[in-house]
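Visitor: Structure for the following, please:
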Amino acid sequence: MSHRYSLRFESGERAGEAVPITGPTFTIGRKPGNSLQIVEASVSGNHAELSVTGDRAILRDLGSTNGTKVGANKIDEAPVAAGDRVTIGHVAFTFVDEDLSGSAAPAAAPAETSTVSAENLARARRGARSSKLGLVAIGVLAVAGGGVWWWMNQGGGTQDRQRPVEAVAGNLLTTNYSFEKVGGWTSTEELPGLFGASARARYSGETGLSASVGEGEGAEHVSDAVPCRDGQRYTAVARIRVSGDATARLGLRFLAKEDDGLTPGPAMIWSSPIGDSGWEEFDLAATVPGGYGEVQVVLRADVTPDGSGRVDVDDVSLVSAIGQPSATIGSSAFHLAGGNLTLSNIGTVLLSRAEVGDAAGVVPATIAASGGSAILTPARAGTWRLRCEAALIVGGVATLGADGYSGRSGEFEASGVSDVLLGEGQYLVRLNLGGETSVKARASGRALLLEIPLGAGVNPRIQLDFSEERKRVITLTAQAKEAESDGQLGRALRLWQTLLDEVPFEAHAVTEAQGRRAVLLQGGFALTRELAAEIERASFFRLVDIYRECRASAEGIAAVYQGSEIDEQAAELIAGIDADLVSLEAQLDRHEVGRLKAILTGLKAMDSKVLAAEVEGYLSKNYGGMD
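Guide: Numbers count the residues shown, from 1 in each chain. Modelled structure (predicted):
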């Protein structure tokens, strides 16, 4: 099926290609889904659209960053006709109408592409009629005009002369490191912006890489993955130029080996943001964390809110050298680069993408081993974000703090947390947070992401060596069991709780402590429930002797469970018994006095003076305070 209208590329790699305009609305942009997709840095994601109704075609700009032109005029909306030159960003087209003869001929280049004016050419021609030198002048001007047009449109104006592409010794990016051909790099689909090859973005050779970004249009470009080895140090170097409100960053992304089924997430390390600058050489170096087997170079372009700008990149290299971890504790290694921390143990990644961040970005930090721990020192306050890998959290997650020991499962939020415990055995990690704070945990596949606010001056401690704590676990366990054997159940409960609150670093010991406490508490609460029922019976029948027996039982329970929750409950029962006894005994005393007074009255009536005197003496001795 033939179409009346089409757009013919007049620049770039697709020069000469005609694209038919199909349908009444024809969209043009960098994003997939447009009627015409143009993968070029100067073209916005949704750049422009053509509306065709009968013999009329209207071109509209869709709020693009670099604008839309018809001829030399930048437009928001304008009609287009056969032979019109249309410019989308920096890509030129001719609008073709097949129904009109001659419309397929290429349109003349717009006047502003040359610095040689018609008036200058006319003067040169007038001079040529009187001198052969005029002919030379015309030739020179014509050549100059064409040269300027090439200089402005093909990128020659970005440098004094075209530099040759220079190979870098040991460069692991063997494909398209200078962007002279297609391949070797891919764009990150999650971001709306794109990097594209552009002659105007070159530092050397014919082309470089460019991203023109507007508000919300971050762009990311990633090299092919290169095999890497534990302990190797890799350095990425790139020529970068930034203009406008854009910022650039150079990154290294380490990918997992995927050989044990517990695949860690990528370890991402970034350079500091690069602002407005001319061509400069930037580098970023990092040592491969244990457990990672591939590395990629990442190029990133972002823009400030409501801003726009451009990032140009050329001549990227990646070289390796032998490197050392930032800190080691036994078989565990910490790698810190660009504020990003990774922890691995004999090739198994435990923590990745651990960094402190604030509104300004990643906070610079240092790490140093101290005994069996590593101290992380961020330059300022921020939120500590950690990715806890599956190999670590499969051993369990718990918190310590205001509420004591709390085992956790899945996602959670907690306040008053002083420590986070992760894993078990060889893979045991304690995050000491330097005080009580909040912790938010959310799932990311098989990993767990933690967010922990850190105040100014707080340096979290990552503990890996628990040899002393494990000795104490053994001691507390033995003491608790001995207390149980001796019938000191309150002491046993306290010892088991101390193990949970202070040294919960052995999974089997934690399980035993929780189990023994549950059994002891269950037995103690059963005793106090039975005693409460007996007190209720004594209260109903007003039996003083039963009350007194219940009090003795409560004192016995309190002695056995001294210093525990059961002791506290027994004390409450004793207080209740004492209050009931005072009331009950007062009532009984009043009844007994009345009975004895009645007997005394009868004895006196019988003039039984001896017996009457004995009753009076008894009343005075035992109830002297009662009238």
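Visitor: does residue 314 sit in a helix or strand, and which one?
Guide: Element membership for residue 314, per DSSP states H and E: strand 309-322.
Visitor: Partner strands of that strand and their direction?
Guide: Strand pairing for strand 309-322, determined by DSSP bridges: strand 208-213 (antiparallel), strand 232-244 (antiparallel).
Visitor: which helices and strands sit right next to the helix or strand following the first one?
Guide: So that's strand 208-213. Per DSSP H and E, the first helix or strand lying C-terminal to strand 208-213 is strand 219-223. Contacts defined by 3 or more CB pairs under 8 Å, 6 or more residues apart in numbering; DSSP states H and E place strand 219-223 against strand 185-187, strand 208-213, strand 292-303, strand 309-322. Quick note: C-beta positions are derived from backbone N, CA and C, even for glycine.
Visitor: what comes up buried for the shortest one?
Guide: Read that as strand 185-187. The neighbour-count check on strand 185-187 (16 or more other CB atoms under 10 Å) flags 185, 187 as buried.
Visitor: which residues sit against it?
Guide: 176, 179, 194, 195, 209, 219, 220, 221, 222, 223, 224 (CB atoms under 8 Å, 6 or more residues apart in numbering).
Visitor: again, only using 6 Å
Guide: 194, 221, 222, 223 (CB atoms under 6 Å, 6 or more residues apart in numbering).
Visitor: mind giving me TSV with those residues and columns for distance to residue 31 and neighbour count?
Guide: Shown next, in TSV, are those (distance: CB to CB, whole Å; neighbours: other CB atoms under 10 Å):
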residue	distance to residue 31	neighbour count
194	8	26
221	16	24
222	18	17
223	23	22
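Visitor: Could you identify which of the strands paired with strand 309-322 is most buried?
Guide: Of all the strands paired with strand 309-322, strand 208-213 carries the top mean neighbour count, a mean of 29, counting by mean count of other CB atoms under 10 Å.
Visitor: and it, how far from the chain's centre?
Guide: The chain centroid and the centroid of strand 208-213 are separated by 27 Å under CA atoms, centre = their mean, to the nearest Å.
Visitor: circling back to that earlier point, closest to residue 392 out of the contacts of strand 185-187?
Guide: Set against residue 392, the nearest of the contacts of strand 185-187 by CB to CB is residue 222 (26.9 Å).
Visitor: Give me the pLDDT value at that closest one.
Guide: pLDDT, residue 222: 93.
Visitor: can you start the count at 640 instead of 1 from here on
Guide: Sure, I'll start numbering at 640, so the last one becomes residue 861.
Visitor: So it sits against residue 937, correct?
Guide: Yes: with contacts counted by CB atoms under 6 Å, residue 861 reaches residue 937, the gap being 5.2 Å.
Visitor: what's the overlap in contacts for these two?
Guide: Common neighbours of residue 861 and residue 937 (CB under 6 Å, 6+ apart) do not exist.
Visitor: Distance from the longest strand along the chain to the middle of the chain?
Guide: Longest strand in the chain, counting residues (DSSP state E): strand 1066-1083. The chain centre lies 14 Å from the centre of strand 1066-1083; the measure is CA atoms, centre = their mean.
Visitor: packing partners for it?
Guide: strand 1051-1063, strand 1086-1093 (3 or more CB pairs under 6 Å, 6 or more residues apart in numbering; DSSP states H and E).
Visitor: and with 8 Å instead?
Guide: Secondary elements touching strand 1066-1083 (3+ CB pairs under 8 Å, 6+ apart): strand 987-997, helix 1029-1032, strand 1036-1040, strand 1051-1063, strand 1086-1093, strand 1100-1102.
Visitor: Just the buried residues of that strand, please?
Guide: For strand 1066-1083, a neighbour-count test (16+ other CB under 10 Å) marks 1066, 1067, 1068, 1069, 1070, 1071, 1072, 1073, 1076, 1078, 1079, 1080 as buried.
Visitor: Test my guess that the fourth one contacts residue 1059.
Guide: Yes: in terms of CB atoms under 8 Å, residue 1069 counts as a neighbour of residue 1059; the distance is 7.4 Å.
Visitor: avg pLDDT for the helix or strand following the strand holding residue 953?
Guide: Scanning forward in sequence from strand 948-961 by DSSP H and E, the next helix or strand is strand 966-968. Averaging pLDDT along strand 966-968 yields 92.
Visitor: Repeat that for stretch 658-678.
Guide: Per-residue pLDDT over stretch 658-678 has a mean of 87.
Visitor: I'd like the distance from it to the chain centre, please.
Guide: Remark: stretch 658-678 is offset 36 Å from the chain centroid, using CA atoms, centre = their mean.
Visitor: Any idea how far apart the tips of it sit?
Guide: Using CA to CA, to the nearest Å, one end of stretch 658-678 lies 15 Å from the other.
Visitor: neighbouring contacts of it?
Guide: 641-642, 644-648, 679, 682-692, 696, 701, 727-728, 730, 831-833, 835.
Visitor: So for the chain, the centremost residue is which one?
Guide: residue 1024 (5.2 Å; CA atoms, centre = their mean).
Visitor: which residues does the residue lying closest to it once chain neighbours are set aside contact?
Guide: In this structure, residue 1024 finds its nearest non-sequential neighbour in residue 1090, 5.5 Å apart by CB to CB, 6 or more residues apart in numbering. Shown in contact with residue 1090 (CB under 8 Å, 6+ apart): 1022, 1023, 1024, 1078, 1079, 1080.
Visitor: now with 7 Å?
Guide: 1022, 1024, 1079 (CB atoms under 7 Å, 6 or more residues apart in numbering).
Visitor: ok, of these, which one's closest to residue 973?
Guide: Using CB to CB, the contacts of residue 1090 come closest to residue 973 at residue 1024, 16.4 Å.
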